[in-house]
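1. Please work out how this folds:
(2 chains)
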Amino acid sequence: MNHLLDSLLELIRRTSAEIPEDVNQALIQSLENEKKGTIAESALKIIEQNIALARQKSQPICQDTGSILFYVDCPVGFDQISFGETARAAVTLATKKGFLRQNSVDSLTGKNDGTNVGPGAPALHFHQHRSPEVRVRLVLKGGGCENVGAQYSLPIEKLHANRDLDGCRRVILDAVLQAQGKGCGPGILGVCIGGDRATGYELSKTQFLRLLQDHNPVPELDALEQDILQTANALGIGPMGFGGKTTLLGVKICAANRVPASFFVSVSYMCWAYRRQGVELDATGKIGQWLY
Amino acid sequence: MIKLSFPFTEEKIRALKVGDEVLISGTVFTGRDAVHKYLHEGGQLPPGVSLKDGIIYHCGPVMMKQADGSWKCTAAGPTTSIREEPYQGQIIHDFGVRGVIGKGGMGDRTMAACQQDGCVYLHAIGGAAQVLAECVKKVPNVYFAAEFGAPEAIWELEIEDFPAVVTIDSHGRSLHKEILNSSTAELTQRL
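-> Residues are numbered from 1 along each chain as shown, chains lettered A, B, ... in the order given. Now for the predicted structure:
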């Protein structure tokens, strides 16, 4: 585990400074699709310049380096406590080096001690598996897009949303409409149908670990993902809400069981500055391979 | 592309209209949640900060202290402006603000203040922290850093050719309102 600190520091640096290739491809495609000479095209051009510049300078793509979410797949017997300590040390160091902004505030006192470490920060999610590999995925999720996430409790009469897939479609599209301009679009939706309020949001965010171009193995959900992507992009909201063809880059939906009395649809919105990376670690804690 | 330089006089601001792309140069001050709440509650600007014919930028930058004690801006994109809606109109009026840079647009009260007092809302590209940091040529001062923390402090920035789009003008137009209306109509047809 002695190399773990260096590996996590490099994971944080790269996540903050480099957009994953699948997202970059989707942005290049959307720039080609936008009408020439529009402010939507200008916005996407600046986004492309920004992606190149951040990578070249090894600096944060966005100054809001976000909530720090670690997702760790680990074998049985893995020392989660030591990992947590090292992850907090790596976050503190990454903040000193400017890969992360001083971005964590005491909710009671309003104080920001400049370390990015505190109750609930960073967030660590461990998942045990029966193979020996340790995989660490990191998502940095900015506050602007986090603020436009929404949770719907069906039925909702005002939206004519019943407890069925059409009802889910209606509320997800409502979330897109409400988020316009505010979440730094073009955005990506992570959605969970079902679950309780907490696990629903939790699972909606795990959808951001999927590749943008993948397909949902569940046919109904795959169809819903494609439908919402096409419909949202026909609304004319566009990048930054300036108007245009690209409102969303992707939609990822999962389903979880619910209790009969509840039917939640939890929608998390990711901005275009979709910071997600991952590594597989070798036995010494060194980076074996990059996951995205 | 329209060049917009300090001082941001009422005449220059009134000439702008929704959809104009501008390149802004001169001194601007950052201010976000803590600063807006403080000013709205009657707080005074510290000596050295003037918003008269000035621009307030909704931004919490990443600043790195250099060996010589100066600051270098390493990331500086806009933050979501709508959180300042309860305060912005009054601050525009009381302090003579001519421009607000941010993202996501603002509401009716800010739009009314823009119209009455001669101010515009300038939408920067959210998330474009590096492109926008390149436009920050100097960071002459910081105020309230101890009280509010680095992201919430008032940073004095000298910017050059900072790109933004006018999305609320001083003639009662808001691109945000127009897109909300048209996209709502489009969605209704697709449900």
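2. can we go C-alpha only for contacts and neighbour counts from here?
-> Will do.
3. In the stretch of helix or strand residue A:31 belongs to, which residues are buried?
-> Per DSSP states H and E: residue A:31 is located in helix A:21-33. Judged by neighbour count (16 or more other CA atoms under 10 Å in any protein chain shown), helix A:21-33 contains these buried residues: A:23-24, A:26-27, A:30-31.
4. what's the answer for stretch A:100-117, then?
-> Using 16+ other CA under 10 Å as the test for burial, stretch A:100-117 gives A:100-105, A:112, A:114-117.
5. Name the residues of chain B found near chain A, please.
-> For chain B, the residues in contact with chain A (CA under 8 Å from any CA of the partner chain) are B:19, B:21, B:60-62, B:64, B:74-77, B:79-80, B:103-105, B:125-131, B:148-151, B:165, B:175-176, B:179-180, B:182-184, B:186-187, B:190-191.
6. What residue in chain B is the furthest from its centre?
-> Relative to the C-alpha centroid of chain B, counting by CA atoms, centre = their mean, residue B:191 is the outermost residue, at 36.4 Å.
7. Grab the nearest non-local neighbour of that one.
-> Spatial nearest neighbour of residue B:191, excluding adjacent residues (CA to CA, 6 or more residues apart in numbering or on different chains): residue A:170 at 6.9 Å.
8. now that neighbour: how far from residue A:119?
-> 36 Å (CA to CA, to the nearest Å).
9. Who are the packing partners of the longest strand along chain B?
-> If you go by DSSP state E, chain B has its longest strand at strand B:154-168. Applying 3 or more CA pairs under 8 Å, 6 or more residues apart in numbering or on different chains; DSSP states H and E, one finds that strand B:154-168 contacts strand B:21-30, strand B:120-123, strand B:136-143, helix B:175-189.
10. Let me know the average pLDDT across that strand.
-> Average pLDDT, strand B:154-168: 98.
11. Which one's more surrounded, residue A:170 and residue A:119?
-> Neighbours were counted for residue A:170 and for residue A:119 using other CA atoms under 10 Å in any protein chain shown; residue A:170 has more, 19 against 11.
12. what number of residues lie near residue A:130?
-> Residue A:130: 9 neighbours (other CA under 10 Å).
13. hey, where'd the strands end up in chain A?
-> Using DSSP E, strands in chain A cover A:67-75, A:123-129, A:134-141, A:150-153, A:187-193, A:248-255, A:264-270, A:275-281, A:287-290.
14. mind putting those in CSV, distance to residue A:61, mean neighbour count and mean pLDDT included?
-> Listed next are the strands of chain A as CSV, based on distance: least, CA to CA, whole Å; neighbours: other CA atoms under 10 Å in any protein chain shown; pLDDT from 0 to 100:
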stretch, distance to residue A:61, mean neighbour count, mean pLDDT
strand A:67-75, 14, 19, 98
strand A:123-129, 21, 14, 98
strand A:134-141, 11, 22, 98
strand A:150-153, 25, 18, 98
strand A:187-193, 15, 27, 98
strand A:248-255, 18, 23, 98
strand A:264-270, 14, 28, 98
strand A:275-281, 8, 23, 98
strand A:287-290, 19, 16, 98
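15. what sits against the nearest residue to residue A:265 once chain neighbours are set aside?
-> Using CA to CA, 6+ apart and skipping the chain neighbours, the partner closest in space to residue A:265 is residue A:193 (4.6 Å). Listed by CA atoms under 8 Å, 6 or more residues apart in numbering or on different chains, the contact set of residue A:193 reads A:168, A:200, A:253-256, A:263-266.
16. how close does residue A:193 get to residue A:200?
-> Residue A:193 is 7 Å from residue A:200, by CA to CA.
17. Give me the common contacts of the two.
-> In contact with both residue A:193 and residue A:200: A:256, A:264-266, using CA under 8 Å, 6+ apart.
18. following the helix or strand bottoming out on mean pLDDT in chain B, which helix or strand shows up next?
-> Among the helical and strand segments of chain B, the one scoring lowest on mean pLDDT, DSSP states H and E is strand B:62-65, with a mean of 89. Scanning forward in sequence from strand B:62-65 by DSSP H and E, the next helix or strand is strand B:71-75.
19. which residues touch that next one?
-> A:59-63, B:61-66, B:129-130, B:132-133, B:136, B:138-140.
20. what mean pLDDT does it have?
-> pLDDT averaged over strand B:71-75 gives 92.
21. What are the buried residues along that strand?
-> For strand B:71-75, using 16+ other CA under 10 Å, the buried residues are B:71-75.
22. out of these, which one sits closest to chain A?
-> When the buried residues of strand B:71-75 are compared for distance to chain A (CA to the nearest CA), residue B:75 comes out closest, at 5.0 Å.
23. How about that closest one: which residues does it bridge to?
-> Beta bridges link residue B:75 to residue B:62, judged by DSSP bridges.
24. how much space between it and residue B:137?
-> Per CA to CA, residue B:75 is found 12 Å from residue B:137.
25. Averaged over its residues, which helix or strand of chain A has the lowest pLDDT?
-> Every helix and strand in chain A was compared by mean pLDDT, DSSP H and E; the lowest is helix A:143-147, with a mean of 95.
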